[in-house]
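Engineer: give me the fold of what follows.
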Amino acid sequence: MGLRLDRAEGRAVLCGDAIHSPVQLLQPLVSTSRCRDPTLAAETRRALLEEAAGSGRIVMPAHFRGRSGAWVASSGDSFLPTFVG
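Structural biologist: Predicted coordinates for the structure are as follows:
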């Protein structure tokens, strides 16, 4: 489950459990043991990150300790994060 926010102040996607670790920004095909369907999880993560990179949305996962989120830029098969918070 996720939530996209579009406000005058900026755009964000609250992506819950789609991304468990900042490593998954760099390698979105990496799944954790918590992913019931690793293939679907990787496809979902990649689509979410591609949309965020293309639209300028900040990605706000539930599991980034000490960080509220990151802007991402596409870089081949991975994404380069700029962390905020």
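Engineer: can you pull out the strands in the chain?
Structural biologist: 3-7, 10-16, 58-61, 69-75, 78-84 (DSSP state E).
Engineer: most tightly packed of the ones you listed?
Structural biologist: Greatest average neighbour count among the strands of the chain goes to strand 58-61 (a mean of 23), per mean count of other C-beta atoms under 10 Å. C-beta: built from backbone N, CA, C; applies to glycine.
Engineer: what helices or strands is that one leaning on?
Structural biologist: strand 10-16, helix 38-55, strand 69-75 (3 or more C-beta pairs under 8 Å, 6 or more residues apart in numbering; DSSP states H and E).
Engineer: and the angle from the first one to helix 38-55?
Structural biologist: Here strand 10-16 runs at 170 degrees with respect to helix 38-55, directions being taken by axes from the mean of the first three to the mean of the last three C-alpha atoms, to 10 degrees.
Engineer: list the contacts of strand 10-16.
Structural biologist: 1-5, 48, 51-52, 55-62, 69 (C-beta atoms under 8 Å, 6 or more residues apart in numbering).
Engineer: so in that sheet, which strands flank it, and in what orientation?
Structural biologist: The pairing partners recorded for strand 10-16 under DSSP bridges are strand 3-7 (antiparallel), strand 58-61 (parallel).
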